[in-house]
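J.: Everything below, folded, please.
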Amino acid sequence: MGWWAVYRCLVLEVLLLTSLSSAAKNYEITEGQGSLTVHINDVTVLNHTLQSPAFYVGQGRTVFVEALGNFHVRNYIQEKIALRRFSNVHNTNTSDVYNFTDGGIYTVQVTFETKLDQDLVVSFNKVGHNYTHTWVVLAASPSDKIYGGGEQFTLLNLRERTYNSLEFFSSLRADDLTYPIWTREQGVGRDKRTNTTFFADLQTGGGGDFATTYFPQPTFITSRKYYFHFTSTSYMVFDFSLPTFHQVFINGDFGDIYFKSSPSFQPLVGNLSSLFGRMPKLPPWVYDGIIMGVQGGTDVMMKRYQQAKAEGVNIRGLWIQDWSGIIRTSFGQRVFWNWQWNATRYPDLDKKIKELKQDGVRVTVYMNPNLNNQGPLFKEAEKNDYLVKNRTGQTYLFNFGEFFCGIVDLTNGAAYNWYKDQIKRNIIDLGIGGWMADFGEYLPVDAMLKGGSGAMFHNHWPVLWAKLNREAVQESGKEGEVVFWMRAGHTGTSNFTTLMWLGDQNVDWSEGDGLPSVVPSALSSGLCGIGMTHIDIGLYTTFGALGLKRSAELLLRSAEMAVFSPVMRTHEGNQPVYNVQMYSSVTILRLFKRLVDQHKALSNYTSAAMDDYVTSGLPLQRPLFLMYPGDQKTFDIKYQYMYGADILVAPVIHPNVVKKDVYLPNDKWIYLWNKTDMNPGMVTVNAPIGLPPVFVRKDSSFRDDILFLADYKYIPFDPSPPNNVSNDSSFVDILSSVILVAFCTLFALRSTGL
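T.: Numbering: from 1, shown residues only. Sure, this is the predicted structure:
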């Protein structure tokens, strides 16, 4: 044997030994009399005993009833069988394989393995009788706090009790602390205690509740510093209501479960975002000014722009959602879902796009994966067999609220490419700078797709929608220039979307569906890999005739919050005439100028925070415990956040606030607006409109840049008339309730044909 052959053998031996040493198990399994316990870094994640098995299988049927994207789900379980007995099949350096059985017809082979940069991956293989449903029981501690679950609007700690003692036995609380993983409309009101939700349920079943969301994800981080993630895209329910275990229900097979632990939270969040994929850094035009939402045609668009420009507002984008035309419904003005420039409503738009771009302003638009059946794109898609089918093989016409649409079949390769070409041709080639890629959560479970059933693809649908949009941008050579933003999602959305927004909130102060709800939703989604989110400034859902209208105070409080986020973008709402707008008065425009100038002044800091996200996976808006894990008080703070590593924000989320209590973790702080040092702990500061409580880390390398925000002249603003509102502001008096009852009764009669 020559020297070269000897050298190669030695190298191969070293590589083999290195591989074996690095492939050690990062978990431990302890067997007892009828028990099996699995640990990662001394944390128990599974605790199987004869009395409390870890795995169940069963037979039954899950039924979905849908109305306007609101899903009502019922599980009819015929049997739930515990897999009590287990036996070891074989072991390797990186894995352990067991059979779990009921002692009869059901057997599942479970593999425990260290791989894919996870401490533990648990995978399942059906070797016995068929089953339709599965359950997993995860070990827990009574003191565990749970975060994540995708985008959660009501709770940050998902084990926080939402009821008081008097409600303990209420049937409305029967599902408290259970979280369905099913993308859907978030609901209107989202709190069964409020009149808003009650009447939305009465009308269309669309009230939602504390756990309904556009963007659910089966990913959770615990206060014991480990995460668990389920790879299944089936309908699932996570039950965190019991003190010593979490139960997971899956409508289908188990999928895989990923576990990973760490001494601190930041590596966990970074690992998850690496696993799911990270969003790209935004182009500067998106975050160094404001995108103003306007509609009404070319003349109105230019008039609003000139109004804002005259007052010095740094407009970097105009968002015209009605670029393709409009229709009118009882909900308000709606966009005509035919994704082509409507030259009648927007004459000379192509020329204005070029002119505005020379002025540093991008025009952005709106689209979604559905086509109005009255439009030419629908007709072309139907002719080419590009639309989702119903059970009879006909085009599935879906009611989106007094108009019907076909849904483009994203599992059909030809349809997928055709729709992508529509984005390239009708939007990007027109010179559009970005768009809202709306919806993605409505796919009916009984739909028939080229690639399978609606039930199979429902949760994955928004991921396919994100992928299509991103490919259109990339294939047009516009990566890093053109941006789209989405609301619906599931595991993997972050790998494709360029930006998220937090959906349609009520124009009120309610915790379930108003301004407060956007804070925990940004933080929970950030923990699950979504690094950059933003809100509709002023929020969206309006019912003016029933009193649900946007006030100047709400508009400005949401705008000052948006200063400390990646993107400032306004929305007129679904009924603009009832809402105070950015352009409603010169005074409000001047207030916006100051806020937008502050946002622009933060652009270097925001850019650095985005770089941090791209490299480390840490989101721009972060829960306090992510940065201060040694401070137990931060674990329960859901209405404050860190913007990047150095700015603590305590947004004002209730009306008529002039002072606010804020908790400062153990660090050196400077109060932004008067540049004074602050001690950690509870502090009370003034919080008039325009001066939300904001604090800067004294040791920040961006300290001087951030403190410069205080030099922008403060403009006092006292909302008039005084706001005598409650957190359920739109439906608080008897008169409104009577009107709503009458309205819902008429709606029901109309629906039944009476």
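J.: S517: what's it in contact with?
T.: F153, T154, R190, Q505, S510, E511 (CB atoms under 8 Å, 6 or more residues apart in numbering). C-beta: built from backbone N, CA, C; applies to glycine.
J.: And for R557?
T.: With CB under 8 Å, 6+ apart, R557 has these contacts: L515, P651, V652, I653, I689, P692.
J.: Got the confidence number for the residue nearest in space to the middle of the chain?
T.: The chain has E151 as the residue nearest its centroid, 3.7 Å off, counting by CA atoms, centre = their mean. With respect to pLDDT, E151 scores 98.
J.: follow-up on the earlier one: closest one of the contacts of R557 to K309?
T.: K309 lies nearest to I689 out of the contacts of R557, by CB to CB, at 23.6 Å.
J.: wait, the closest one sits on L554?
T.: No: the pair I689 / L554 is not scored as a contact, 10.4 Å apart, by CB atoms under 8 Å.
J.: From the chain's centroid, how far away is stretch 203-210?
T.: 18 Å (CA atoms, centre = their mean, to the nearest Å).
J.: number of nearby residues for A54?
T.: 26 (other CB atoms under 10 Å).
J.: Spatially nearest residue to it, not counting backbone neighbours?
T.: Leaving aside its sequence neighbours, A54 sits nearest to H48 (CB to CB, 6 or more residues apart in numbering; 3.9 Å).
J.: what pairs with that neighbour across the strands?
T.: L36 (DSSP bridges).
J.: Distance check, F439 against V335.
T.: As judged by CB to CB, to the nearest Å, F439 and V335 stand 11 Å apart.
J.: Which parts of the stretch 51-200 of the chain are strands?
T.: 55-67, 70-82, 85-91, 95-101, 107-115, 118-126, 133-139, 146-150, 178-181 (DSSP state E, counting those that start in this stretch).
J.: So E382 belongs to a strand, correct?
T.: No: secondary structure of E382 (DSSP: H, G, I helix; E, B strand; the rest coil): helix, not part of a strand.
J.: For the nearest residue to it once chain neighbours are set aside, give its distance to W323.
T.: Leaving aside its sequence neighbours, E382 sits nearest to T395 (CB to CB, 6+ apart; 5.5 Å). Separation of T395 from W323 (CB to CB): 26 Å.
J.: Those two: who's more crowded?
T.: W323 (30 against 19).
J.: I'd say F635 and E160 touch.
T.: No: when contacts are counted by CB under 8 Å, F635 is not listed as touching E160 (10.3 Å).
J.: on that earlier part again, okay, the contacts of R557 in JSON lines with secondary structure and pLDDT next?
T.: Shown next, in JSON lines, are those (DSSP: H, G, I helix; E, B strand; the rest coil; pLDDT from 0 to 100):
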{"residue": "L515", "secondary structure": "helix", "pLDDT": "98"}
{"residue": "P651", "secondary structure": "coil", "pLDDT": "98"}
{"residue": "V652", "secondary structure": "coil", "pLDDT": "98"}
{"residue": "I653", "secondary structure": "coil", "pLDDT": "98"}
{"residue": "I689", "secondary structure": "coil", "pLDDT": "98"}
{"residue": "P692", "secondary structure": "coil", "pLDDT": "98"}
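J.: Export those residues as TSV, with columns for distance to P218 and neighbour count.
T.: What follows is those, written out as TSV (distance: CB to CB, whole Å; neighbours: other CB atoms under 10 Å):
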residue	distance to P218	neighbour count
L515	28	26
P651	29	24
V652	34	25
I653	28	22
I689	40	21
P692	34	23
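J.: K303: which of these is nearest?
T.: I689 (26.5 Å).
J.: remind me which residues of the chain are low pLDDT?
T.: Counting by pLDDT under 70, the chain shows low-confidence ranges at 1-23, 162-175, 720-754.
J.: which stretch among the strands of the stretch 51-200 of the chain comes nearest G526?
T.: Nearest to G526, of the strands of the stretch 51-200 of the chain and by CB to CB, is strand 146-150 at 9.5 Å.
J.: and that closest one, what does it pack onto?
T.: In terms of contacts (3 or more CB pairs under 8 Å, 6 or more residues apart in numbering; DSSP states H and E), strand 146-150 is packed against strand 178-181, strand 216-222, helix 518-527.
J.: can you list these in TSV and add distance to L272?
T.: What follows is the helices and strands packed on strand 146-150, written out as TSV (distance: least, CB to CB, whole Å):
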stretch	distance to L272
strand 178-181	16
strand 216-222	6
helix 518-527	8
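J.: what's the spacing between the residue nearest to the centre of the chain and N469?
T.: 18 Å.
J.: cool, E185 as well?
T.: Where N469 is concerned, E185 sits at a distance of 20 Å (CB to CB).
J.: do E481 as well
T.: Distance, E481 to N469, using CB to CB: 14 Å.
J.: What of V614?
T.: From V614 to N469 the distance is 19 Å (CB to CB).
J.: can you check L691 too?
T.: 38 Å.
J.: In terms of neighbours, single out the busier of the two.
T.: N469 (26 against 17).
J.: ok, the more buried one touching A437?
T.: Yes: between N469 and A437 a contact is recorded at 4.8 Å, counting by CB under 8 Å.
J.: Residues in contact with both of the two, list them for me.
T.: Shared contacts of N469 and A437, counting by CB under 8 Å, 6+ apart, come down to F484, M486, T497.
J.: Could you list which residues are in contact with the nearest residue to D429 once chain neighbours are set aside?
T.: Of all residues not flanking D429 in the chain, S476 sits nearest, at 7.7 Å (CB to CB, 6+ apart). Contacts of S476 were listed using CB under 8 Å, 6+ apart, and they are K424, I428, D429, V482.
J.: Just the buried ones out of the residues you listed, please.
T.: Listed as buried from those are K424, I428, V482; burial here means 16 or more other CB atoms under 10 Å.
J.: Quick check: phi and psi on the residue nearest to the second one when sequence neighbours are not counted?
T.: Nearest non-adjacent residue to I428, counting by CB to CB, 6+ apart: S476, 4.6 Å away. Summarising the backbone geometry of S476 under the convention degrees, to the nearest 10, its torsions are phi -90, psi 0.
J.: wait, doesn't I221 sit right on P267?
T.: No: using CB under 8 Å, I221 makes no contact with P267, being 11.2 Å away.
J.: Looking at the two, which one has more neighbours?
T.: Higher neighbour count among I221 and P267: I221, with 27 against 15, using other CB under 10 Å.
J.: which residues touch that one?
T.: I146, Y147, G148, Y227, F265, L268, V269, L272, L527.
J.: neighbours around Y227, how many?
T.: 25.
J.: ok so it is a strand residue?
T.: Yes: according to three-state DSSP, Y227 belongs to a strand.
J.: ok, what's across the strand from it?
T.: Applying DSSP bridges, one finds that Y227 bridges with I221, K260.
J.: mind checking how far it is from K633?
T.: From Y227 over to K633 (counting by CB to CB), the distance is 22 Å.
J.: A522 now?
T.: 20 Å.
J.: And those two? Which one has more around it.
T.: Using other CB under 10 Å, the more surrounded residue of A522 and K633 is A522, with 26 against 14.
J.: Identify the residues contacting that one.
T.: So A522 contacts L502, T533, I535, S565, Q621, Y641 (CB under 8 Å, 6+ apart).
J.: So which of those sit within strands?
T.: The strands, defined by DSSP state E, take in T533, Q621, Y641 from the contacts of A522.
J.: Not counting sequence-adjacent ones, nearest residue to the last one?
T.: What it means is Y641. Distances taken as CB to CB, 6+ apart place Q621 nearest to Y641, at 5.0 Å, with adjacent residues excluded.
J.: wait, doesn't the one you found sit right on L523?
T.: Yes: at 6.3 Å, Q621 and L523 qualify as touching, with contact defined as CB under 8 Å.
J.: Pull up the overlap in contacts between those two.
T.: Y641.
J.: Those two: which is more packed in?
T.: Between Q621 and L523, L523 has the larger neighbour count (other CB under 10 Å), namely 28 against 25.
J.: that older thread, will you turn the buried ones among the contacts of S476 into CSV that also has distance to V658?
T.: Formatted as CSV, the buried ones among the contacts of S476 follow (distance: CB to CB, whole Å):
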residue, distance to V658
K424, 51
I428, 47
V482, 43
